[in-house]
Each structure stands twice: as C-alpha cells, then as structure tokens.
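Visitor: Quick one, structure for this:
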Amino acid sequence: MIETKSITKVFSGKKWKVEALHEVDFRAESGKVTALVGPNGAGKTTLLKIISTLILPTSGTAYVDGYDVVSQPNEVRKHLGLVTVSDRLLYYRLSGVENLLFYGALYDMGIKEAKRRAYELLDLVGLKEWADEPTMHYSTGMLRRLAIARSLMHDPDVILLDEPTIGVDVASARKVRQLVRKLSSERTIVLTSHFMHEIEELADVIYVLKSGRIVARGSPGEIINLAGRIVEARIDSGSVKPAVERFIVRYENGSAIIRGPKNIVEQFASEYYEIQPSLEDAYIALVGESEQDFRPYQFRRGGAWARERPV
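Guide: Sure thing, here's the model as predicted:
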C-alpha cells in the first residue's frame, strides 16, 4: 500500500520558487490500479519521484508498505518498482536478458536466480524470443515492456508506471494495458497517463491533480459524474473565437462541433443537445482548457519580480 499525508514539494533557486505539490493526501491499495491524471506540470511525476525516493518532500510524509520514504528509503526500494518515461535506464548495446541480469545484480540476486527470473519475466512481457537481441533493435513498445520487466526483477509489491504507453503504437499499447491488468491482481499499481480511454479501461481509482493539488478523487464513474450536464452544438467554423477553440471536438461540412458543460456551450450557441459525458469531458471540466498547466513561477526580470513564466 502507498499512503501520503500532506505532501508538499517546493523547488527553488536564487531567483525563483515554485510549489509543485501542495498538501497532497494520496492512497493506493493492493489489488487495484490507481491513476494520477492532470495537465503537464500538475505534479504527477513529482509525486511519483517522492514515493520512489528519487527526491525528498519539502514537508509531509509518505509510506510504501509501511516504510517511510525519507527515513527508510532502502526498505522502500526493496518493495517498489518504477517505470519512467525515459529509456535511459536501459543499455542499448546489451540484450534484453543482459539488461535484466544487470539489474538483478544491483538487487544482490545470484546469477542462477537472476537468469531464471529474467527469462520468466521476458516470457511474461512477450519478449522471450527477443531475449538475446541487443535492445538497440527493439521498438518503442518493446522497450516499454522490457522496462516493466526490469521493474519486476526483485518481485516488488508496488509498481509505479509513469505514462507507460506514450509514443507506442496501438498494438503495443494494448499489450502494455493487458500486462498492467495482469500485474494488478497481486500488486499495488499507480499509473499516470494523458489517454483518458486508457485510464477509464484500467483504473479502479482516479486522482485528478491541478496546480499541485488534488481536485477530485473517485472511481471512473464517480469522476464522470462530476462533469455535470455535457452538451454538443454546431457553430460556424468561420466565426470561432479563441475562447471556444478548446471545446471543438471535430469539424463537419464547414461547421465546428463544440462539446462541453452546458453553462459554457450555451454562451456560444443557442441550440444544443445533451449527451452522455465521458471521462475526457470530466477531465476538461475539472482541470480547464489547457494541456499545460500555467502556474505562477517567480523569476527576476528587469529588476522586478514577475509571475508569468509557465512551469
């Protein structure tokens, strides 16, 4: 199990400071997939880095299987596997099995045990026939699955997956999702993703972050209910104003189809019809219009303090 209490993280330099997380209470339980969603810069990866002991919180506490991430980091690492967006944790000149054996050695595994475990995991992630191939020849989807295998070498109770399907093709993404479902039956899984269909398919519990704060928590169905009344309307594509661009879902025959909360759409269209909201609709309603979260970022310019630069 993972639990955080009032986790706050502030990054600062000589002339700037930003609060990446503000008093975040988060909980993920065994046998469930818990998802973190939010705009870029909302604090998702920062929270995962704190939980995985890569960075220290400014204040608050976090526990993995009862171990404190600050005072007991070595115990936390024994119980946790991390899959990051970066592929730099894999060595391209080494084969798939050699990469896993290297990480097995870091966990003090004997060569016989490490080999058994490595081939077992390569079979699990569908890469057994590629075991002896240098990973420089792997596709992005294969590298993602090998990264998951790497995180499982020491058989941890907790797996953190930071955007595991980003940049991969549809078939590979499907394989990764199947693997996540298989792993979640016996482990605590925390997942971040910008693909709402993926979150809706996998997550048991969703936390929505904005500006470093939890703005909503619940099952996919509960989060969708927060969207309220969602409507669609047709407007002339030639008269689209900047304020409505974020609500455009498609163009049809010279018209723009806009979709969003009723109280907003009715400002731009006199005729509209109500539709069943999706998780994506709820996400837009909760976090706003932008893919990137523009939070105050203090920096020095022209001898005065400004608060305009995005994180």
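
Visitor: In space, what's closest to residue 271 - neighbours in sequence excluded?
Guide: Nearest non-adjacent residue to residue 271, counting by CB to CB, 6 or more residues apart in numbering: residue 233, 6.4 Å away. In short, each C-beta sits where N, CA and C put it, glycine included.

Visitor: Give me the secondary structure label for the one you found.
Guide: Judged by DSSP: H, G, I helix; E, B strand; the rest coil, the three-state class of residue 233 is strand.

Visitor: so it bridges to which residues?
Guide: residue 258 (DSSP bridges).

Visitor: again with residue 189
Guide: The partner residues for residue 189, given DSSP bridges, come to residue 33, residue 159.

Visitor: Measure how buried it is and give me the count.
Guide: 24 (other CB atoms under 10 Å).

Visitor: Look up how far residue 223 lies from it.
Guide: 18 Å (CB to CB, to the nearest Å).

Visitor: Over to residue 171?
Guide: 28 Å.

Visitor: Just want to know which of the two has more residues nearby.
Guide: Taking other CB under 10 Å, residue 171 and residue 223 do not tie; residue 223 has more neighbours (27 against 8).

Visitor: which of the residues in the one helix or strand the more buried one maps to are buried?
Guide: Using DSSP states H and E, residue 223 sits within helix 220-225. For helix 220-225, a neighbour-count test (16 or more other CB atoms under 10 Å) marks 220, 223-224 as buried.

Visitor: cool, and stretch 162-170?
Guide: 162-165, 168.

Visitor: need the buried residues of helix 220-225 in TSV with distance to residue 288 and pLDDT, can you?
Guide: Converted to TSV, these look like this (distance: CB to CB, whole Å; pLDDT from 0 to 100):
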residue	distance to residue 288	pLDDT
220	20	93
223	15	94
224	17	93
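
Visitor: of those, closest to residue 237?
Guide: Nearest to residue 237 among the buried residues of helix 220-225, counting by CB to CB, is residue 224 at 28.6 Å.

Visitor: Spatially, which residue comes closest to that closest one, not counting chain neighbours?
Guide: Of all residues not flanking residue 224 in the chain, residue 282 sits nearest, at 5.0 Å (CB to CB, 6+ apart).

Visitor: so what secondary structure elements neighbour the strand or helix carrying that neighbour?
Guide: Residue 282 belongs to helix 279-287 when assigned by DSSP H and E. Applying 3 or more CB pairs under 8 Å, 6 or more residues apart in numbering; DSSP states H and E, one finds that helix 279-287 makes contact with helix 196-202, strand 205-210, strand 213-218, helix 220-225, strand 255-261.

Visitor: most packed of these?
Guide: strand 205-210 (a mean of 23; mean count of other CB atoms under 10 Å).

Visitor: Could you give the number of residues near residue 15?
Guide: Under the criterion other CB under 10 Å, the count of neighbours that residue 15 has is 10.

Visitor: Give me the pLDDT for it.
Guide: At residue 15, the model reports a pLDDT of 84.

Visitor: Look up how far residue 35 lies from it.
Guide: For residue 15, the distance to residue 35 - CB to CB - is 36 Å.

Visitor: about what we covered before: need the residues that contact the helix holding residue 223.
Guide: With CB atoms under 8 Å, 6 or more residues apart in numbering as the test, helix 220-225 has contacts from 199-200, 203, 206, 208, 216, 277-279, 281-283, 286.

Visitor: could you redo the last one with a cut-off of 6 Å?
Guide: 200, 203, 206, 216, 277, 279, 282 (CB atoms under 6 Å, 6 or more residues apart in numbering).

Visitor: Tell me if I'm right that the second one and residue 35 touch.
Guide: Yes - here residue 203 lies in contact with residue 35, judged by CB atoms under 6 Å, at a distance of 3.8 Å.

Visitor: and residue 248, what are its bridge partners?
Guide: So, taking DSSP bridges as the rule, residue 248 has residue 258 as bridge partners.

Visitor: still on that earlier bit, quick one: contacts for the residue nearest to residue 271?
Guide: So residue 233 contacts 258, 265, 269, 272 (CB under 6 Å, 6+ apart).
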